[in-house]
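1. with the input below, show me the fold.
(chains A and B)
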There are 2 protein chains.
Amino acid sequence: MKTYQEILESVKSIFDQECFVSAPQGLYEPIDYTLRLGGKRIRPVMLLAANQMFGGNEESVRYAAIGIETFHNFTLLHDDLMDKSPIRRGKPTVYRKWNENTAILSGDTMFAMAWRYMLKEPHSNLQEILNTFNETAIGVCEGQQYDMEFETRSDVTIPEYIEMIRLKTAVLLAGALKIGALYASAPADDTDKLYQFGIHLGLAFQLQDDLLDAYGDEKTFGKATGSDIRDNKKTYLYLKALETANDEQRAKLTAHFQSQPEDTTDKVNEVLAIYSTLNIRAQVEQAIDQEFELAKQFLAEIHVDQEQKKPLQTLTQMLLGREK
Amino acid sequence: MKTYQEILESVKSIFDQECFVSAPQGLYEPIDYTLRLGGKRIRPVMLLAANQMFGGNEESVRYAAIGIETFHNFTLLHDDLMDKSPIRRGKPTVYRKWNENTAILSGDTMFAMAWRYMLKEPHSNLQEILNTFNETAIGVCEGQQYDMEFETRSDVTIPEYIEMIRLKTAVLLAGALKIGALYASAPADDTDKLYQFGIHLGLAFQLQDDLLDAYGDEKTFGKATGSDIRDNKKTYLYLKALETANDEQRAKLTAHFQSQPEDTTDKVNEVLAIYSTLNIRAQVEQAIDQEFELAKQFLAEIHVDQEQKKPLQTLTQMLLGREK
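-> Sure thing, here's the model as predicted:
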């Protein structure tokens, strides 16, 4: 059995061996560029780990692993264009390095390439595997739509926010796990539990991302602390603060999240001060703990030896930075 | 057996019965709007006609018919954004009626919805059906890329142009036919011939579109005569003219296709005069005839009764406006 680290090495080697360039070059170069930017390769690792957990054969999920990562990178490519994000993993995003039309069309092609990979390996249950992949894709699109709509809405509730991050982040992690399990012909009951593990892990991961943006170390986190506050992003922290704030605090928060000052130091500090008064950090940590506990429970209930669960436990630890 | 007209009625009724709206509405309303704009529904009609030709069951291709049209409409939606076309079928395009991000994301979602439809109906050969669909999709993306690249290239050859329209237009017609045939479990040899019929029909159709733009009746054609000349589009007519022009004519043509005058009357007339001197119209008609003859040959070679081929013959006549 491979450890998490060995699975990650497998994934890296699978990507190193794969060629993404074809004619017309103008279409495929941005795709190759995007797929070679690296990243943590969380989704293909999850897919391989789930497959191994149920005794699958790594070769049989090689292409599904590339497919899920190609899909994920397609969504990043189009999201960066929609959000006008200039940088991804320290390099210019496709719409900046090339142009908007290239970003649109190379993205569309990546989605079709993801399908080519998903279709490569036969399986007696291929229709369910492909349905899982496609419903995941639709969920991610819906999540991105909610995310964009929330930018201009002032009445977003916490359940709506949770549903948005479930769709935008969690279903793809859960889908990757489920596809890996389906390829190993895992029992339906275990596959469902693994899916739920992925959902709650994804929610915990996204909530922690919100938390780290406000309180994380810039060096380890990789982006400037307080960027969500600067960009008026209505994260879980903000919504939780609104929920528990008194009228004065709510008015201040609302005003800050509509302002775009040149120098954002005061704005960030004042919002963080309100968060502090309202004990937001502890409340978010509690929400993360709850999701983490749910994820652990679902993983524990799956009918395979503890040993087989280790790579996913290591991954969880790596993602959430805590012992399991 | 249904006639072409009856198949078209079936397609219209399939679309009338289908609901494309779901939450979030902001994502699905533009999709519903696009799919309800109508159009000739050529691709689903071809899919149903091919299926019927080989004795298939119409109910079994109901969703594939919606899927192929949903995919086609997705490509139009993104193409209109990339080409900045304000109007489609007499109505504002999605990026104009909503905005660019909506056009990107609703388009992506339509692609996934097309997959949902393609995945709905089981078939013993589903993997080949889905591969056909996906390779079609990749071809269309590649064709659009070549089309965009040709805008800024001055050395496009006729074979390159033919390859571009093959990918951008013909493979989707051919793919729709092949999927219909595969669902009816048609013999591989006949399926291949039907595919080739679709390719040559598609090429003839696109070349005729180029011709009609220059010489067609504005009322029946639906767009202003000479729009390709005005927009500096390097169509088959232009490339054929360059090929046969003398130095003086070539210089004039090249200059005209780099100019963007306010009043384009003189430009259009002068280019048409050069076309006339070079006998371009007859040459393009000859190229269309060649493709049309090839298409007819492939259809003739398919091993089913002549009667079964009638709906596709009527469709051909409708598309190319000639007896078969």
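
2. going forward, measure contacts and count neighbours with C-alpha atoms only.
-> Will do.

3. show me where pLDDT drops low in the stretch 201-324 of chain A?
-> Residue ranges of the stretch 201-324 of chain A with pLDDT under 70: A:217-224, A:322-324.

4. next, the contact list for the residue positioned nearest the centre of chain A, please.
-> Centroid-nearest residue in chain A, with CA atoms, centre = their mean: residue A:169, separated by 3.9 Å. If you count contacts by CA atoms under 8 Å, 6 or more residues apart in numbering or on different chains, residue A:169 has them with A:140, A:143, A:202-203, A:206.

5. and the stretch 1-150 of chain A, which of its residues are near chain B?
-> Within the stretch 1-150 of chain A, the positions adjacent to chain B are A:24, A:26-27, A:78, A:82, A:101, A:104-105, A:108-109, A:112-113, A:115-116, A:119, A:122, A:127, A:130-131, A:134-135, A:137-138, A:141-142, A:145-146 by CA under 8 Å from any CA of the partner chain.

6. which strand or helix spans the closest residue to chain B within the stretch 151-300 of chain A?
-> In the stretch 151-300 of chain A, no residue comes nearer to chain B than residue A:164, which is 10.7 Å away by CA to the nearest CA. Assigned by DSSP states H and E, residue A:164 falls within helix A:158-165.

7. what residues sit buried inside that helix?
-> Buried residues in helix A:158-165, counting neighbours by 16 or more other CA atoms under 10 Å in any protein chain shown, are found at A:158, A:161-165.

8. try stretch A:48-63
-> A:48-56, A:58, A:60-63.

9. make CSV out of the residues you listed and add pLDDT and distance to residue B:177.
-> Listed next are the buried residues of stretch A:48-63 as CSV, based on pLDDT from 0 to 100; distance: CA to CA, whole Å:
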residue, pLDDT, distance to residue B:177
A:48, 98, 37
A:49, 98, 40
A:50, 98, 39
A:51, 98, 37
A:52, 98, 40
A:53, 98, 42
A:54, 98, 40
A:55, 98, 41
A:56, 98, 37
A:58, 97, 36
A:60, 97, 31
A:61, 98, 31
A:62, 98, 32
A:63, 98, 28
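
10. in TSV, list those residues along with secondary structure.
-> Output for the buried residues of stretch A:48-63, formatted as TSV (DSSP: H, G, I helix; E, B strand; the rest coil):
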residue	secondary structure
A:48	helix
A:49	helix
A:50	helix
A:51	helix
A:52	helix
A:53	helix
A:54	coil
A:55	coil
A:56	coil
A:58	helix
A:60	helix
A:61	helix
A:62	helix
A:63	helix
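
11. could you pull out the strands for the stretch 101-250 of chain A?
-> Using DSSP state E, counting those that start in this stretch, no strands are assigned anywhere in the stretch 101-250 of chain A.

12. now, the residues of the stretch 1-150 of chain A next to chain B that are in helices?
-> Residues of these located in helices (DSSP state H): A:26-27, A:78, A:82, A:101, A:104-105, A:108-109, A:112-113, A:115-116, A:127, A:130-131, A:134-135, A:137-138, A:141-142, A:145-146.

13. quick check: longest helix in chain A by residues?
-> Max-length helix for chain A by DSSP H is helix A:188-215.

14. and it, what's buried?
-> Here helix A:188-215 shows A:190-214 as buried, counting by 16+ other CA under 10 Å.

15. surely residue A:264 and residue A:230 touch.
-> Yes - with contact defined as CA atoms under 8 Å, residue A:264 reaches residue A:230; the gap is 6.4 Å.

16. so these two - more neighbours on which side?
-> residue A:230 (20 against 17; other CA atoms under 10 Å in any protein chain shown).

17. quick check: that one touching residue A:268?
-> Yes - contact criterion CA under 8 Å: residue A:230 and residue A:268 qualify, at 6.6 Å.

18. please name the residues that touch residue A:272.
-> Residue A:272 touches residue A:214, counting by CA under 8 Å, 6+ apart.

19. show me the contact partners of the helix or strand containing residue A:283.
-> Under the criterion of DSSP H and E, residue A:283 resides in helix A:280-301. Under the contact criterion CA under 8 Å, 6+ apart, helix A:280-301 has outside partners A:190, A:193-194, A:196-201, A:203-205, A:207-208, A:211, A:236-237, A:240-241, A:275, A:309, A:324.

20. let's go with 7 Å and repeat that
-> Applying CA atoms under 7 Å, 6 or more residues apart in numbering or on different chains, the set of residues contacting helix A:280-301 from outside is A:193-194, A:196-197, A:200-201, A:203-204, A:207-208, A:237, A:240-241.

21. can you redo these as CSV with distance to chain B?
-> Output for the contacts of helix A:280-301, formatted as CSV (distance: CA to the nearest CA, whole Å):
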residue, distance to chain B
A:193, 24
A:194, 23
A:196, 22
A:197, 25
A:200, 22
A:201, 24
A:203, 20
A:204, 24
A:207, 22
A:208, 26
A:237, 24
A:240, 23
A:241, 26
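
22. possible to save these as TSV with distance to residue B:289?
-> Shown next, in TSV, are those (distance: CA to CA, whole Å):
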residue	distance to residue B:289
A:193	61
A:194	59
A:196	60
A:197	61
A:200	62
A:201	61
A:203	61
A:204	64
A:207	63
A:208	65
A:237	67
A:240	69
A:241	71
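
23. in the stretch 51-200 of chain A, what spans have low per-residue confidence?
-> For the stretch 51-200 of chain A, no range has pLDDT under 70.

24. what's the end-to-end length of stretch A:256-263?
-> Using CA to CA, to the nearest Å, the end-to-end distance of stretch A:256-263 comes out at 13 Å.

25. only the buried residues of it, if you could.
-> Buried-residue list, stretch A:256-263, by 16+ other CA under 10 Å: A:256-257.

26. chain center to it, what's the gap?
-> 28 Å (CA atoms, centre = their mean, to the nearest Å).

27. cool, stretch A:15-24 as well?
-> Using CA atoms, centre = their mean, the offset of stretch A:15-24 from its chain centre is 24 Å.

28. the helix or strand in which residue A:276 is found vs helix A:280-301, what angle?
-> In the assignment (DSSP H and E), residue A:276 maps to helix A:265-277. Angle of helix A:265-277 versus helix A:280-301, following axes from the mean of the first three to the mean of the last three CA atoms, to 10 degrees, is 60 degrees.

29. helix A:265-277 vs helix A:188-215, what angle?
-> Interaxial angle, helix A:265-277 versus helix A:188-215 (the same axes, to 10 degrees): 120 degrees.

30. can I get helix A:265-277 as CSV, trimmed to CA atoms?
-> What follows is helix A:265-277, C-alpha atoms only, in CSV (Å, rounded to 0.1, in the frame of the first residue of the first chain):
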residue,chain,number,x,y,z
THR,A,265,-4.7,49.4,6.8
ASP,A,266,-7.3,51.2,9.0
LYS,A,267,-10.2,49.3,7.4
VAL,A,268,-8.6,45.9,8.0
ASN,A,269,-7.6,46.8,11.6
GLU,A,270,-11.0,48.1,12.5
VAL,A,271,-12.8,45.1,11.0
LEU,A,272,-10.4,42.7,12.8
ALA,A,273,-11.1,44.6,16.0
ILE,A,274,-14.8,44.1,15.7
TYR,A,275,-14.2,40.4,14.9
SER,A,276,-12.1,40.2,18.1
THR,A,277,-14.8,41.9,20.2
